[in-house]
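Peer 1: Build the 3D model from these lines:
(2 chains)
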Amino acid sequence: MQELIPAFDWHSVIVEPWTRDFVFTGWIVLMGFFATAACGLIGNYLLLRRMALVGDAISHSILPGLVVAFMIFKTNATWVMFAGAFAAGIVTVLLIEFIHKQSRIKPDAAICIAFTILFAIGVALMSGLAQSGSIHIDADCVLYGEIAFVPLEPPAVWRGIELGPPSVIRMGLVLLATLAAIAVFYKELLITSFDAALAKSLGMRAGFWHYALMGALTTAVVSAFEAVGAILAVAMLIVPPMFAAQLSNRLPMRLALTVLHAALSALIGVHLSVWLQCSTAGAMVVAAAALFTAVWIPSLISQAARRWIRPAPEETLSWAATSENALKE
Amino acid sequence: MNRPALLVLCVAAALIPETASAARISEITETQFWDQAVRFFSFQDPALRFALSGSLLLGICCGLMGAFLVVRKLALMGDALSHAVLPGVALGFLWNMTKDPVAIFIGATLAGLLGAGTVRWLQNTTKHKEDAALGFVLASFFGVGICLFTMIQNLPGGKQSGLEQFMFGQASALGRDDVILLLIITIFIAGTVLIFFKEFLLTSFDAGFARSTGLRVQLFHYGLMLMLAFAIVASLQAVGVVLVSAMLVIPAAAAYLLTDRFGLMLVLAAAFGMISGGVGSFFSFVGRNLPTGPFMVLAAGLVFALALGFGPRHGIVSRWWRHRCRKSRIRRENTLKSIYHVLEANDFHSESISLHELAERRHETLEDARGQIRALRREGLATVYGDDVNLTPPGWQRACEIVRNHRLWELYLTNAADMPADHVHDDAEETEHLLGEETVRKLERRLNYARLDPHGKLIPGVEDIRRGRTTKPAPRATGYGGPR
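Peer 2: Residues are numbered from 1 along each chain as shown, chains lettered A, B, ... in the order given. Model prediction:
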C-alpha cells in the first residue's frame, strides 16, 4: 500500500506541475476541460431524453469506423477519421433500429448487441493490423486514451503563429460549435427534449433534432476519443449532467454547472494523476465521479434525516385525519 | 425489407472485402493456419485444453445468466456490471501481487455487487433514471479501475502482471486453478437455476403474481445479481471486461428469437454460448495470441445473425416467406371471386368466362389477368382453353366459399353491428380471407341461414357448392332474413 499510494506532498503535487512545466500541464487541463465540457453539454440533452446509454453505444462503436477508415485510406488524417466515425455512428443507430424493428428483441438488448458486435469487429481488426505491424495502436489507448501525449504533438501553425497541439485546438472548436449550436437552437432543443408532443404541434421535426443531436454527439465523442478513449468518453457524457441535475432544475443553470464541473474535474484530475501517478483521463473521471458523489451525499443525508426525524407523509396524514375526526365528534 | 435494413446490408457488404484484406495483410500464412488448426483439434497442448474447457464453461455460465437478462430487460445492467468489476480485479491483484484466482474472484464479486447496489441506490434517492444510473456506475467504476491498473503498472513487478489481458481477454492465459474455479461457478449457477427454476421463471415474467403468491421477489433479484457477478467474474480472463456483456446478451438473444419456452431458451443460450466460446478460442489460438474476446463475440454475433435471419418463427426470411405465401393466396382468392362475379352477372348461363371479361371486371390489363389465371392453373383451381377460363370443381368450391364469406360478413355487419349497407364492403374485402369454417358455421346460425346479402345478392350455400351452380330461391318475407 505504501508503494501504491505515494505520500501526498503539497509542493510536488499542486505547485510543481504549474511552476515547472506550465505549458505541458496547461494543455492537458485545457484538453480535459474542452472534452468534458463539450461532451457534458450534449449529455444534458441525452439525459433529458433518457438516452444516456445511446451515448455509451456510439462511443464504443466508432472504433471500427476509425479502423476501417484507416485501412481504406491508409492515413490517419483528421477528416478521414471523422468520416469513418460518422459512418460508424450512423451504422450503429441503424443497426439498433433494424434489430429492434425486425425482431422481438427489446431495445436495451438491441443496443447491447449492436455496439458490442461493432466494438468486437474494431478490436479484432485492430489486433490483426497490430500483429502484422502495419499499424501501431495500443489497445489500451482505445479504452482510456492518452491525454498526456497531447502536448507532445507538433503544434498547429496558422499564418505563422503557433497555436498549440492540433487536437486541443480541434476540441476547442468543437466546444465552441456546441455552445453556438445550443445558443442558436436553444428553444428547439429544449422543447423537443421536454415535450415531444408540443414540439410536434408547433411544427418542429422531432426526428430531425434527434439525428442532429446524434450528429453532435458523434462529433464530440470522436474529437475526445484519442484523448480519453471509448469508455471514459461515456463518463464525460453522463457524469457532468448528473452533477448539474443534482443541483438545479433550470436548464440554463444546468448547462452552466456542467461547464463548471468540467473545469473542476479536469483540474482536480490532473493533480490527482500527478499524485497517484496514474492515467490522467482515468483520474479526471474519478474526480468527476467524486464531485458528483460530493453533491449526492448531502441530499442523501438530508433525505434520510427527514425520514427519521419526521414521520412518513402517510402517517402525518392519518394522524391529521384522526385528530380532525376527534374534533368533529 | 425496409430502407434502413438495406442500408445496413450494403454497409456490411462493403466491409467484407476489407476484413478479407486484413486477413491477407497479417502474416498468418496458410500452412501455419493448418498446422495450428491441427494442433487445436488434437488437444495435445495442456494449455490449450485449459483454454478450450474454460471457454466452453464460460459459455454455459454467460448463456444461462444472459437468458435472464434478456427476458428481464436488464441487458444494460449486464453491461454496467461487467465494467464495474474492474476495480475489484485490481484490488484482488493487489492482495498479494499475483493473479490469484480466488482473491480476484472475491474482489471482483464485491465490486460487482457494490455496482448493482449503487444503481439501485441512485435510482431510489435521486431523480436520475435507470439509464443515467447505469451509465454512472459503468463509467465511474471503470475510471477507478483504470487508475488502479495504471498505478499497479508503476509498482515493481506490475509490468509483468498480465493484468492487461483482463481488458480484451486471453483464453490461453487460463490456468488449472482458473478452470477449476470456472467449473465450480458453472455447477453452482446451473444447479441454482435448476433447483429454483419455477421461482426464477415466475419472478422474471410476472413479478406481481409472484409477490401475490408470497415469493420474495427482491431476494430472487439480488440472488440473480450475485450469480450475474459470478458469471461475469468467471468470464473476465477469457473474454475481457469490455466484451463480457456481449457474451451475456448475444447468445441469449439468439435463443430468445428461436423459442417461446423459457426452459428451452436456457438450454439454447448455454449451447450458443459454448459454440461462441469454442470458436473464439480456436481463432485466437490459430492467430497466435490474438485477443480471445472479440472473436468469441463475433462468433456469437454470427449465431445471432443466423437466428435473426432464418429462425423458423421469428426469422426475417421465414416471416418474409410466410407473408409472400399469404399475399399470393389472397391474390388467387380475389381472382376466383372475380370469376364468380362474372359468372353471376351472366346468371350462370355459361360454364366458362373469357379472359377479356375477367380483365374488365378487375380493371386490369389482359397480361395481368393471364398471369393470375396461370397461378390458378398451377394450383389446379382453373383450366384454360384458348381464351376461355373454366373453374375446376375445387376452384368452384373455393370461389363459392370466398363469395359466401364476403356476403355473410356484410350481412353480419349490417345486422349485428348496425353498419349502413354501403359501408360494409371494404371491411368484408379483408375479412373474407380470414374466416375459418367454424366461424362461418357460427355466422350462418346467427344469421338464421339467410340467403340474401344486404345488397340483395345471393349467398352461395352448401348445396350450391355441391351442385356446382347457384339457383335463385323463392323470395322470403323477412327481407334480409336475419333476426335482429
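Peer 1: Check which helix or strand A:V91 maps to.
Peer 2: helix A:78-102 (DSSP states H and E).
Peer 1: so how many other residues sit close to B:L86?
Peer 2: The number of residues packed near B:L86 is 29, by other C-beta atoms under 10 Å in any protein chain shown. Just so you know, the C-beta spots here come from the backbone N, C-alpha and C atoms, and that holds for glycine as well.
Peer 1: For the closest residue to it other than its chain neighbours, give me its contacts.
Peer 2: Among residues not flanking B:L86 along the chain, B:G145 sits closest, at 2.8 Å (C-beta to C-beta, 6 or more residues apart in numbering or on different chains). For B:G145, the contact set (C-beta atoms under 8 Å, 6 or more residues apart in numbering or on different chains) comprises B:83, B:86-87, B:89-90, B:241.
Peer 1: For those, work out which two are farthest apart.
Peer 2: B:H83 and B:A90 (13.0 Å; C-beta to C-beta).
Peer 1: residue boundaries of the helices in the stretch 1-150 of chain A?
Peer 2: Along the stretch 1-150 of chain A, the stretches classed as helices by DSSP state H, counting those that start in this stretch are A:10, A:16-19, A:22-48, A:52-73, A:78-102, A:107-132, A:139-144.
Peer 1: Strands of the stretch 301-450 of chain B, residue ranges please.
Peer 2: Secondary structure of the stretch 301-450 of chain B (DSSP state E, counting those that start in this stretch): strands at B:353-354, B:382-385, B:388-391.
Peer 1: Flag the shaky bits of chain A, pLDDT-wise.
Peer 2: Within chain A, the segments meeting pLDDT under 70 span A:1-4, A:132-142, A:158-160, A:310-317.
Peer 1: Among the strands of the stretch 301-450 of chain B, which comes closest to A:A281?
Peer 2: Closest to A:A281 of the strands of the stretch 301-450 of chain B is strand B:382-385 (C-beta to C-beta; 74.1 Å).
Peer 1: which helices and strands does that closest one pack with?
Peer 2: Helices and strands touching strand B:382-385, by 3 or more C-beta pairs under 8 Å, 6 or more residues apart in numbering or on different chains; DSSP states H and E, are helix B:366-378, strand B:388-391.
Peer 1: buried residues in the last one?
Peer 2: When burial is assessed from 16 or more other C-beta atoms under 10 Å in any protein chain shown, strand B:388-391 yields the following buried residues: B:389, B:391.
Peer 1: Check the longest one too.
Peer 2: Of all the residues in helix B:366-378, those buried under the rule 16+ other C-beta under 10 Å are B:369-370, B:372-373, B:376.
Peer 1: Stretch B:296-306 now?
Peer 2: B:296-305.
Peer 1: If we check chain A, which of those are in contact?
Peer 2: Restricting the buried residues of stretch B:296-306 to those within reach of chain A (C-beta under 8 Å from any C-beta of the partner chain) leaves B:297-298, B:301, B:304.
Peer 1: Among those, which ones are in helices?
Peer 2: Mapping those onto helices (DSSP state H) picks out B:297-298, B:301, B:304.
Peer 1: which residue packs closest to residue 220, ignoring adjacent ones?
Peer 2: No chain specified, so I'll use chain A. Setting aside the residues directly before and after it, A:A220 is nearest to A:A38 in space (C-beta to C-beta, 6+ apart), at 4.5 Å.
Peer 1: To clarify, I was referring to chain B.
Peer 2: In space, B:F220 is closest to B:T203, 4.5 Å off (C-beta to C-beta, 6+ apart).
Peer 1: Go ahead and confirm the one you found touches B:Q218.
Peer 2: No. Assessed by C-beta atoms under 8 Å, B:T203 is found out of contact with B:Q218, at 9.3 Å.
Peer 1: Give me the more crowded residue out of the two.
Peer 2: B:T203 (24 against 12).
Peer 1: Pull the contacting residues for the more buried one.
Peer 2: Residues in contact with B:T203 (C-beta under 8 Å, 6+ apart) are B:210, B:215, B:217, B:220-221.
Peer 1: Return the per-residue confidence for it.
Peer 2: Looking at B:T203, its pLDDT stands at 89.
Peer 1: what helix or strand is it on?
Peer 2: helix B:197-205.
Peer 1: As CSV, could you dump the C-alpha coordinates of stretch B:415-423?
Peer 2: Only the C-alpha atoms of stretch B:415-423 are listed here, as CSV (Å, rounded to 0.1, in the frame of the first residue of the first chain):
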residue,chain,number,x,y,z
ASN,B,415,-77.4,-6.8,-38.8
ALA,B,416,-75.3,-7.2,-35.7
ALA,B,417,-73.1,-4.1,-35.8
ASP,B,418,-75.8,-1.8,-37.3
MET,B,419,-73.5,-0.5,-40.0
PRO,B,420,-75.1,1.0,-43.1
ALA,B,421,-75.2,-1.4,-46.1
ASP,B,422,-72.9,0.9,-48.2
HIS,B,423,-70.1,0.9,-45.6
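Peer 1: in it, what counts as buried?
Peer 2: Across stretch B:415-423, burial judged by 16+ other C-beta under 10 Å covers B:N415.
Peer 1: and that stretch, how far from the chain's centre?
Peer 2: 41 Å (C-alpha atoms, centre = their mean, to the nearest Å).
Peer 1: pLDDT on the longest helix that chain B contains, on average?
Peer 2: Using DSSP H, we find that the single longest helix of chain B is helix B:316-345. When pLDDT is averaged along helix B:316-345, the result is 88.
Peer 1: Most proximal residue of the stretch 1-150 of chain A with respect to chain B?
Peer 2: With C-beta to the nearest C-beta, the shortest gap between the stretch 1-150 of chain A and chain B falls at A:T116, namely 3.3 Å.
Peer 1: ok, back up a step: save the contacts of B:G145 as a markdown table, and put in pLDDT and secondary structure too.
Peer 2: Shown next, in a markdown table, are the contacts of B:G145 (pLDDT from 0 to 100; DSSP: H, G, I helix; E, B strand; the rest coil):
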| residue | pLDDT | secondary structure |
| --- | --- | --- |
| B:H83 | 89 | helix |
| B:L86 | 89 | helix |
| B:P87 | 91 | helix |
| B:V89 | 88 | helix |
| B:A90 | 88 | helix |
| B:V241 | 81 | coil |
